[in-house]
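# Turn this into a structure:
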Amino acid sequence: LGPTVHTMLAQVERPGVTLISQTEAAALGCRLSLFGLTVLSAAVSAMTRALEAMASGGHPSTGVLCDFGELKALVGFDALDAWEEEHQACPAVGQDGAAE
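From the prediction side, this is the model:
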């Protein structure tokens, strides 16, 4: 491969397979190493545990949940709150389409 061709490594977790670390991938000449299923697998596992707790009448433990402020920032609620604050001066509109 020429000097302008970038090599990418995409790995999939499965039983009995050891993944190549980012350092090892770089040593092999890879400029990018993808671990997309790692994040998806972790998310699905966490959601499953939370749903199981809720299905049995409980609630996921605090240590498993994101801090609410962190969650708001991650999903963009802070930006939405700022937008709503900026546009709060707009008149409310009733069901008939007229300003209230």
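# Please count neighbours and contacts with C-alpha atoms only from this point.
OK.
# Just to be sure, residue 16 is in a helix?
No - looking at residue 16 with DSSP: H, G, I helix; E, B strand; the rest coil, it is coil, so not inside a helix.
# Report the separation between it and residue 44.
Distance, residue 16 to residue 44, using Cα to Cα, to the nearest Å: 21 Å.
# So for the two, which residue has more residues nearby?
Neighbour totals were compared for residue 16 and residue 44, and residue 44 leads with 11 against 6 (other Cα atoms under 10 Å).
# now that one, what's its secondary structure?
On the basis of three-state DSSP, residue 44 is classed as helix.
# any idea how far it lies from residue 28?
31 Å.
# mind exporting stretch 17-26 as PDB, just the C-alpha atoms?
These are the backbone C-alpha positions of stretch 17-26, laid out as PDB (Å, rounded to 0.1, in the frame of the first residue of the first chain):
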ATOM      1  CA  VAL A  17     -11.100 -14.500  20.100                       C
ATOM      2  CA  THR A  18      -8.600 -12.100  21.500                       C
ATOM      3  CA  LEU A  19      -8.900  -8.600  20.100                       C
ATOM      4  CA  ILE A  20      -5.800  -6.700  18.900                       C
ATOM      5  CA  SER A  21      -5.100  -3.600  21.100                       C
ATOM      6  CA  GLN A  22      -5.000  -0.100  19.600                       C
ATOM      7  CA  THR A  23      -1.200  -0.100  20.100                       C
ATOM      8  CA  GLU A  24      -0.800  -3.400  18.300                       C
ATOM      9  CA  ALA A  25      -3.000  -2.200  15.500                       C
ATOM     10  CA  ALA A  26      -0.900   0.900  15.100                       C
END
